[in-house]
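# My questions concern the predicted model and sequence given below.
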Amino acid sequence: MKIGITYSQSTYSETIKYAGSAKHKSENLISFANKQDWGRGMENLDVVKLLKAAQNLERNISVSLMYSGLRVPQYRLLDALAEMGQATVTEMSEKLNVRRATASVLINELIGSGIVEVTEHNSDRRSFHIRLTRLGAGKLEAARKDIAVFREKLSQKYSPETIKMLNQFADRLA
């Protein structure tokens, strides 16, 4: 599927290489691109190629996370949980923008691995909070270091202008 959006060839090429997460709807991508003043001519955004680029990026991040023993969804959950301190399954599903059932399965995996632990919810006996264990904090720290190495390597391949544009692109889609 190709969608007509006005912007330059160089921006198109760099955008396709490493565009961010594949989970976002195409409407957000189109809305973002249409609001930009890209300039010199009409290009067609190849959304299939963009999806493939996002999949390649995720695959490379997965390899980076291999040594910490985490998968990308687990890393995202632990990173969010570290920021929140503790959370319910519903809060995590909202934060990660996934269905509650998806968050529940992921949390159960992490509980079983000893990476997160369950604490009682003071005001609702039917609910519980999760928080990082010491093991989970260690895995998250290792994963963050590995991601930082990957980010640094990837950033060296692009100009500051390209990195700024890609970061703006990712921010608008997030």
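Everything's here; your move.

# Next, count neighbours for V149.
Neighbour count for V149, taken as other CB atoms under 10 Å: 11. For glycine as for every other residue, the C-beta is placed from the backbone atoms N, C-alpha and C.

# I'd assumed S64 was in contact with it.
Yes. Using CB atoms under 8 Å, V149 is in contact with S64, at 7.0 Å.

# Please state the offset of the longest helix along the chain from the chain centre?
Identified as the longest helix of the chain according to DSSP state H is helix 134-155. Offset of helix 134-155 from its chain centre (CA atoms, centre = their mean, to the nearest Å): 14 Å.

# mean confidence score for the next helix or strand after it?
Per DSSP states H and E, the first helix or strand lying C-terminal to helix 134-155 is helix 160-173. Averaging pLDDT along helix 160-173 gives 88.

# Identify each buried residue in helix 160-173, please.
Neighbour-count burial for helix 160-173, counted by 16 or more other CB atoms under 10 Å, picks out T162, I163, M165, L166, F169, R172, L173.

# L78: helix or strand, and which one exactly?
Assessed by DSSP H and E, L78 sits inside helix 72-84.

# hmm, who's touching that helix?
Applying CB atoms under 8 Å, 6 or more residues apart in numbering, the contact partners of helix 72-84 are 58, 61-62, 65, 68, 70, 87, 91-92, 95-96, 103, 106-107, 109-110, 115-116, 130-132, 136-137, 139-140, 143-144, 147.

# again, only using 6 Å
Helix 72-84 is touched from outside by I61, S62, L65, K95, L96, L106, L132, L140, A143, with contacts defined as CB atoms under 6 Å, 6 or more residues apart in numbering.

# Show residues contacting the helix or strand just after it.
Next along the chain after helix 72-84, taking DSSP H and E as the criterion, comes helix 89-96. Residues outside helix 89-96 that contact it (CB under 6 Å, 6+ apart): R76, A80, R100, A103, S104, I107.
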